[in-house]
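Trainee: here is a sequence together with a model predicted from it:
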Amino acid sequence: GEGHKEIIKLLLSKGAAVNAKGPRGIAPLAIAAGSGDREIAQLLVENGAPVDQTDDEGATALMAAAIFNHNDVFSYLAAQNADLKLKSREGATAGLLACARNHEEIVQTIIDKDKESLFVCDNDNTSPAWVAAEKNSHACLELLAQKCHEILTIRRKSDQTSPAYAAAYNNSLEAANILLKYARDTFVLPNDFGAVPVYSAAQKGHTEMTRMIAAQAPESLKIMTRDATNAAHIATTMNHPDILRIIAKAAPETVSCVDKNRQSTAYVAAFKNFTECLEIISGAVPSSLSGYNAEGITPAFVAAQQGNVQCLEIIHRYSRKALIKPSSDGISTAFIAAQMGKDKCIDFLIAQAPEIFQDTVNGNNPAHVAAAQGQMKCYKAIVNAFPDLAKQKNDNGTTPEAILASLNLCAGSLCKRFKRENDTPINQGTYRCPKCGKFFCETCAFFVTKDKCMSTNPFEAIARMAKKKFICENCGSELVEMSQ
């Protein structure tokens, strides 16, 4: 006020230093600018205060006026040739600080005085337009779009993101609308991962943002990242069905995206049990349900493996062919469901795809693997529905019934625990290596340790049981029975 002005005049007349700094190196001119007192700011400048004097953080009076939106002081300092291109220690100019706060009048003053200063970016090449998009400072962004159009294409150094990407990622709807109006082509500019703005919107779950970009820049939905994923794939991975539905309507062909590991959107949805997403994908591109991933596994196979019976129901509804398609190794969905003990999937497959229970792997049908893994619910469901499977022999001449009976003696992970007494197996017929003295399971001859058979592979167990000639896993010697 006037009183403060008179006190400052008095102090200056007594020799007070006009550029003396207080705490954090803040000078009187910066205080006047930050408080919006033009008269005092002018008095200080007329008495020799440097207009570009900086504090400990490298900030100037001009920056203080920009932060607090005091355009009267800002205009005065700009007229006194305050440097609009100066950067603080963090790399911020007055223009960037104004844009971050949507101070439209300040930005207009900068445009009138020196619009080239608005192209000065921070230490990471972040432009005022990028910050305006991030903060949804739509009034400032529109000014920049009209008067400094090229600034809309400047990308941040660390991740190569554009203002359009910043708007999409932060769900700045007004900013995105402005950018679509003035710089629609920037919505196909990728970042360092190859992701475009709509990808980030889909990843973050920004439904309205995705809808806006899909409607005005649908070509961006087709752009792939380095991992060969697109907006539809990331929407599926993050389980955003509303967003996936928007994408499927705007660009249905993109919904069948397959990434670098050959995992399709259908595979991801089936694996994670994202039923809404799988329904959308199945309706848009039913053929994608039949594709293999890099390991030769179909969406139905992985759904059965994970016990995701609702996904199996969806796949069956859109493509029964995809439901009954085996893996590239010839393993059926029924076989993997039996091996993993997914009894609800077994019940569904018995009702909807009974023929796949006749498919075998090395002569082993689903009842073989259910028995070998001790999956009794699955075993009972299978043999109740198909009694003949219990008596069917595999390539080694072994039936599921025989496997089930023999596993009552097996030590470990394939069925029951193995009892030991003084480090000596109790049940007769257990095998022992005469050279190294280690004990081995009677049924499958895998090494017994800590009371547990180390076998986890039912096919190897079945093969060993059929041969009845066992080799020590430790030293290669032929095993002998404990009775010998």
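Mentor: Done, it's in.

Trainee: list the contacts for Gly25?
Mentor: For Gly25, the contact set (C-beta atoms under 8 Å, 6 or more residues apart in numbering) comprises Thr54, Asp55, Asp56, Glu57. Quick note: C-beta positions are derived from backbone N, CA and C, even for glycine.

Trainee: in the stretch 301-450 of the chain, which spans are strands?
Mentor: In the stretch 301-450 of the chain, the strands defined using DSSP state E, counting those that start in this stretch lie at 420-421, 424-425, 431-432, 439-440, 448-449.

Trainee: list the contacts for the residue nearest to Asp347 when sequence neighbours are not counted?
Mentor: The shortest distance from Asp347 to any non-neighbouring residue, by C-beta to C-beta, 6 or more residues apart in numbering, is to Ala381 (6.0 Å). When contacts are counted by C-beta under 8 Å, 6+ apart, Ala381 touches Asp343, Ile346, Asp347, Ile350.

Trainee: what pLDDT does the model give Ala381?
Mentor: The per-residue pLDDT reported for Ala381 equals 96.

Trainee: equivalent analysis for Met376, please.
Mentor: Looking at Met376, its pLDDT stands at 88.

Trainee: from Asn171, how far out is the residue nearest to Asp347?
Mentor: Counting by C-beta to C-beta, to the nearest Å, the gap from Ala381 to Asn171 is 49 Å.

Trainee: also Glu355?
Mentor: Glu355 is 50 Å from Asn171, by C-beta to C-beta.

Trainee: neighbour count winner among these two?
Mentor: Shown here are Glu355 and Asn171; by other C-beta atoms under 10 Å, Asn171 has more neighbours (18 against 10).

Trainee: helix, strand, or coil at the more buried one?
Mentor: coil (DSSP: H, G, I helix; E, B strand; the rest coil).

Trainee: all numbers from here: first residue = 24
Mentor: Understood, numbering begins at 24; the last thing we discussed is Asn194.

Trainee: right, and His126 touches Ala88 too?
Mentor: No. Counting by C-beta atoms under 8 Å, His126 does not reach Ala88; the two are 9.6 Å apart.

Trainee: give me the common contacts of those two.
Mentor: Common neighbours of His126 and Ala88, using C-beta under 8 Å, 6+ apart, are Asn94.

Trainee: more neighbours: the two, which one.
Mentor: More crowded of His126 and Ala88, by other C-beta under 10 Å: Ala88, with 34 against 25.

Trainee: need the phi and psi values for that one.
Mentor: Main-chain dihedrals, Ala88, degrees, to the nearest 10: phi -70, psi -40.

Trainee: ok, now how distant is it from Ala53?
Mentor: As judged by C-beta to C-beta, Ala88 and Ala53 stand 9 Å apart.

Trainee: what does Val143 give?
Mentor: From Val143 across to Ala53, the span is 20 Å (C-beta to C-beta).

Trainee: now Ala274
Mentor: Remark: distance between Ala274 and Ala53 (C-beta to C-beta) = 52 Å.

Trainee: neighbour count: these two, which is higher?
Mentor: More crowded of Ala274 and Ala53, by other C-beta under 10 Å: Ala53, with 26 against 19.

Trainee: do you know the pLDDT at that one?
Mentor: We have a pLDDT of 96 for Ala53.

Trainee: give me the neighbour count for Gly45.
Mentor: Other residues near Gly45 come to 11 when the count uses other C-beta under 10 Å.

Trainee: ok, now Asp250?
Mentor: Residues lying near Asp250 (other C-beta under 10 Å) number 15.

Trainee: so it touches Asp282, yeah?
Mentor: Yes. Applying C-beta under 8 Å as the test, Asp250 and Asp282 come out as touching, 5.5 Å apart.

Trainee: Ala292 contacts Val325, doesn't it?
Mentor: No. In this structure Ala292 lies outside contact range of Val325 using C-beta under 8 Å: 9.9 Å.

Trainee: compare the two (neighbour count), which wins?
Mentor: Taking neighbours as other C-beta under 10 Å, Ala292 and Val325 compare with Ala292 leading, 29 against 24.

Trainee: who touches Val68 in this structure?
Mentor: Shown in contact with Val68 (C-beta under 8 Å, 6+ apart): Leu52, Val74, Tyr99, Leu100, Gln103.

Trainee: which of these lies closest to Asp352?
Mentor: Leu100 (74.6 Å; C-beta to C-beta).

Trainee: tally up the residues packed near that closest one, please.
Mentor: 31.

Trainee: pLDDT score for the closest residue to it other than its chain neighbours?
Mentor: Distance criterion C-beta to C-beta, 6+ apart; nearest residue to Leu100, sequence neighbours excluded, is Leu85 at 5.0 Å. What the model reports for Leu85 is a pLDDT of 97.

Trainee: next, count neighbours for Leu85.
Mentor: For Leu85, the count of nearby residues is 29 (other C-beta under 10 Å).

Trainee: do Gly71 as well
Mentor: Look at Gly71: counted by other C-beta under 10 Å, it has 10 neighbours.

Trainee: what of Asp79?
Mentor: By the criterion of other C-beta under 10 Å, Asp79 has 11 neighbours.

Trainee: list the contacts for it?
Mentor: Here Asp79 is in contact with Arg47, Gly48 (C-beta under 8 Å, 6+ apart).

Trainee: now swap in Val219 and tell me
Mentor: Tyr188, Phe210, Val211, Leu212, Pro213, Ser243, Ile246, Ala254.

Trainee: check Tyr188 too.
Mentor: Leu212, Asn214, Ala218, Val219, Pro220, Ser223 are the contacts of Tyr188 under C-beta under 8 Å, 6+ apart.
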